[in-house]
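Engineer: I'd like to go over a predicted model; first the sequence, then the structure.
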Amino acid sequence: MEERERRLVSGKGFYVDDIELPNMAHCIFVGSPYAHARIKSVDVSRALRLNGVLAIITGKEVAKLMDPLPATSNYEAIGWHWRTPKVYPLAVDKVRFQGEPVAAIIAEHPYIALDAADLIDIEYELLPPVSDVNEAMQPGSPLVYEEWEDNMQVHLEFNFGDIDAAFKEADRILRVSWHEGRVSGFPIEARGCVASYDRITGMLNMWSSTQAPFLGRQYISSALRLPTNKVRIVVADVGGAFGNKLNWWKDTVVGLGSIVTGRPVKWVESKRELFLTGSHNRDVTWEGEVAVKNDGSILGVKAKFVKDLGVEGTNRGSAAMGIIPACCSVPNAYRLFKGLKIEACGVVTNKSPYCAYRGYGKDKGIKFMERIMQIVSRELNIEPEQIRLGNFIQPHQFPYKQISGYVYDSGDYPAVLKKALKLGKVDLWREKQRQARKQGKYIGVGVAFMVEPAGVAAPHCIYGGLTQARVRITSDGLVEVENDQTEIGQGSTITRTKVVANILGAKIDDIEVKRDSSDMPGSGVYSSRGAVYPTGALIRAARELRVRMIKFAGHFLNEEPAHIDITDGVFHSTKDPTKRMSLKELADCAYFRPGPRGLPHDMQVKHEILLDVSASWFSPNTAQNPTSTYATYCSGADIAVVEVDVETGAVSILKYAHVHDAGTLLDKDVVEGQIFGGIVQGIGEALSEELVYTRSGELLNNSYTDYVMPTAQDSPDIVMGHIETPSPFTELGQKGIGEAPVITSKAAIINAIEDALSPFNIRVPESPATRERIRRWILESQEG
Amino acid sequence: MKVPIKTKVNGKLYEQEVEARSTLLDILRDELKIKSVHRGCEDGECGACTVLLNGKPVCSCLVLAAQVDGAEITTVEGLLKGDELHPLMLAFIENHAVQCGYCTPGVIMTAYYLLNNLADFTDEDLRRGIEGNLCRCTGYIHIIKAIKAAKKCKDSGNWW
């Protein structure tokens, strides 16, 4: 147990940058300084003459040697307005965002490659850039893709229930608008891979920092025109991912570099490159109206939703389709919705591509709804928790089909919120708030609630719900485990070990989780699916293996299987305690002494594999309810108490409480680790994190120096509570929760700031609520 | 241009000729093969490459190799007693303070320095003390808990 952690604390990690192969060369990318420009010429002759430079690949070459990057989702075939661009990993004719790779240099040493980068002569013809999403939607705007008539990549309408009836029944119609700044996960380890192509066998072996090796193999082999069985990806230790490592467009060039040079090639991305070319997320704007009754009942929402995708979110990344859960998640935990109508626009601009970041899309709808709740609470002068309690889906209503088509599995939302109110000592803080106001201090109490859809299976994309697990007993009675629950630092190794040990009755130290690789079919970890899909497959495989083990043990012990149990790796008869054998003895019997010929006749004639079981899992929820693209729906409530210094705009967090219901907890430490991390990421988004582009498409903050992520000093003490309402749709009642905390923490902090500033009658219009912005909102409120 | 340097890394003496532009991070990782020292931001912002230089934590990406002639350097490998993990490392494991592990060796070196140099500390001191080490997975909560648990080990004499 904890072998991985023992390795990592003692410096025995196996991250991509730690890999050294004989004869290994190094790859760097040369990026465009401009956001939008035509490439007139690329002259690499001077750079190629530098000692130690092995090859330089440009856009012209990739267009010859590769196919365009495959689309990760495409709904054009079913009639949706959904465009996918024809793009290559290196710019061919024009660059569309600052930092877009124009060439890749393969050299003996990374420093030589960097020297060579200065010797490449590229002539650009500048084109007018469009970095503002509103300008990009105007007629006559510069076109990011000239083959399209406008910059609208995705344009959808979601219309659920009867929106007119909702608005007709309403006592009041309130306007709501909300913008989230552009952010991303930016793990401390950026992207990277090592590629090693064997020209004799045609095999491309890769080691990668990826969340999804099986999907990565499909993507890379497609772009490189290689058969999938000639590409193998082994996952190195992953230094954080958060959705940012669910894209492989640069990896294709590293693979090509190895093919071209015949050498193993390593690429480790610099942090600057990750900021400039890594996938971004959020950057959405909602404008709309909410229909409410005077008692706080929320009857309907209509809105326009605009997402700034940067160059796109389909081929270099995979988050254009995050628009769908963004819109379908809006009704959140509330039952009185009669109508929901959203016009959703995914717009391309001259910014870095859009891909997943914790929350993916669902976060956006939920945060919008929780902003609406705050606004309704203020306008109707009803406490924010009372508004929510009045609208909640009730515990007896599950499974509950939400207006947007999701079928919520289980939950007790009032209990979760009430527990959070108690842990957050909300009554006490409201009293302190009143006292503080008298002294000119501004304290605010923020409430947020969420239902997180987890474990997606969507059609027409690479995220269809693939999963597979394999559990086997080795010939000396140990257990080997693999599934597509890639370890990315979320703790899946610990979870997998415990789940399998519990089911098999094996000793925890006898379980070995195999290194993740593309050998195991399954789409990896994202969408908070680890605890849902891959764990589901793992449980099913382990249960079947247990049946087989017990049957074998019964045979060798001459006992009915019904009377055999196993604890700590030892089988015993529940009727006759003298009948015992260890897992090691069983394996020896099954494999060698007497071996398969000593097994029961019926097993022999069925040609069953001995003690090796593979299984899959698919959400019964999604299978029965095709509109419920997610399998489970965990819930959570956050209470944030903040103090805003109205002179400086500084926000300090005085109290933070969080309660969630992730169904049956597989491992409390792992769940809490995920939640703490997510909460602090959400706090960063709420207060300081934002990628700022100039109008000319230049990214102003491309390092940790000026993209301000929370440090230990910014992270508050967090009081946490659990409620467990098992999901009826999963094997152990567990629910996915990985992305949940980043959603509510941001909403709770923003709502708390708005509450603190209520004497100024300020509606927080956007995130992050930086000091400068808070000061501006206060000044504007005083002026007018 | 090559510069000759002598160093003592994790108790072992080295004599090397280093490239003038090499950083301490470069030579530790690429020449001495000490892979616990992680390349994070190379801006001195994330702390993933933190090592002790003459007993004090530094970002090894900000120190030129040529500057460390005559210096003593410690990394997490230097805290091991053979294959035995240091009590501080065990505290990180026991308190679930290791998630992706990329920041971990750097945080451990900073924490080791703090524990050896502060007789007593508040949570706030600790938070300030490890502020130079960014972690994106844990929200720092389990890290703080681990360092506090390690303090108990140290106070009870279970330390080296």
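Structural biologist: Nice, thanks for sending it over.
Engineer: where do the strands sit along chain B?
Structural biologist: Read by DSSP state E, chain B holds these strands, from start to end of the chain: B:2-9, B:12-19, B:50-53, B:56-59, B:72-74.
Engineer: for residue A:485, find the nearest of those.
Structural biologist: Among the strands of chain B, the nearest to residue A:485 by Cβ to Cβ is strand B:50-53 (30.9 Å). In this view, the C-beta of every residue, glycine as well, is placed from N, C-alpha and C.
Engineer: so what touches that closest one?
Structural biologist: Contact with strand B:50-53 is made by B:24, B:28, B:37, B:57-60, B:63, B:68, B:71-75, B:105-107, B:109-110, B:112-113, B:132-133, as judged by Cβ atoms under 8 Å, 6 or more residues apart in numbering or on different chains.
Engineer: among the residues you listed, name the buried ones.
Structural biologist: Neighbour-count burial (16 or more other Cβ atoms under 10 Å in any protein chain shown) applied to these gives B:24, B:28, B:37, B:57-60, B:63, B:68, B:71, B:73-75, B:105-107, B:109-110, B:112-113, B:132-133.
Engineer: filter those residues down to the ones near chain A?
Structural biologist: When contact is defined as Cβ under 8 Å from any Cβ of the partner chain, the buried ones among the contacts of strand B:50-53 meet chain A at B:75, B:105, B:132-133.
Engineer: need those residues in a markdown table (columns: distance to residue A:655).
Structural biologist: Formatted as a markdown table, those follow (distance: Cβ to Cβ, whole Å):
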| residue | distance to residue A:655 |
| --- | --- |
| B:75 | 39 |
| B:105 | 33 |
| B:132 | 27 |
| B:133 | 25 |
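Engineer: quick check: the farthest pair among the residues you listed?
Structural biologist: The span of these, defined through Cβ to Cβ, is set by B:75 and B:132 at 16.3 Å.
Engineer: contacts only, for residue 43.
Structural biologist: Just so you know, I chose chain A. A:120-122.
Engineer: to clarify, I was referring to chain B.
Structural biologist: If you count contacts by Cβ under 8 Å, 6+ apart, residue B:43 has them with A:271, A:703-705, B:61.
Engineer: please parse the chain into its domains.
Structural biologist: No chain was given, so I picked chain A. A:13-127+A:190-238+A:245-277, A:281-459+A:622-783, A:469-617 (automatic domain parsing).
Engineer: can you look at chain B instead?
Structural biologist: Domain segmentation of chain B under automatic domain parsing yields B:2-78, B:87-155.
Engineer: deepest of those, which one?
Structural biologist: Most buried of the domains of chain B, by mean neighbour count (mean count of other Cβ atoms under 10 Å in any protein chain shown): domain B:87-155, with a mean of 22.
Engineer: picking that back up, show me the ones next to chain A among the buried ones among the contacts of strand B:50-53 that map onto helices.
Structural biologist: Among these, the members falling in helices are residue B:105 (criterion: DSSP state H).
Engineer: relative to residue B:98, which of the ones next to chain A among the buried ones among the contacts of strand B:50-53 is nearest.
Structural biologist: Within the set of those, residue B:105 lies nearest residue B:98; the separation is 10.1 Å, counting by Cβ to Cβ.
Engineer: so the closest one sits right up against residue B:38, yeah?
Structural biologist: Yes - assessed by Cβ atoms under 8 Å, residue B:105 is found in contact with residue B:38 at 6.6 Å.
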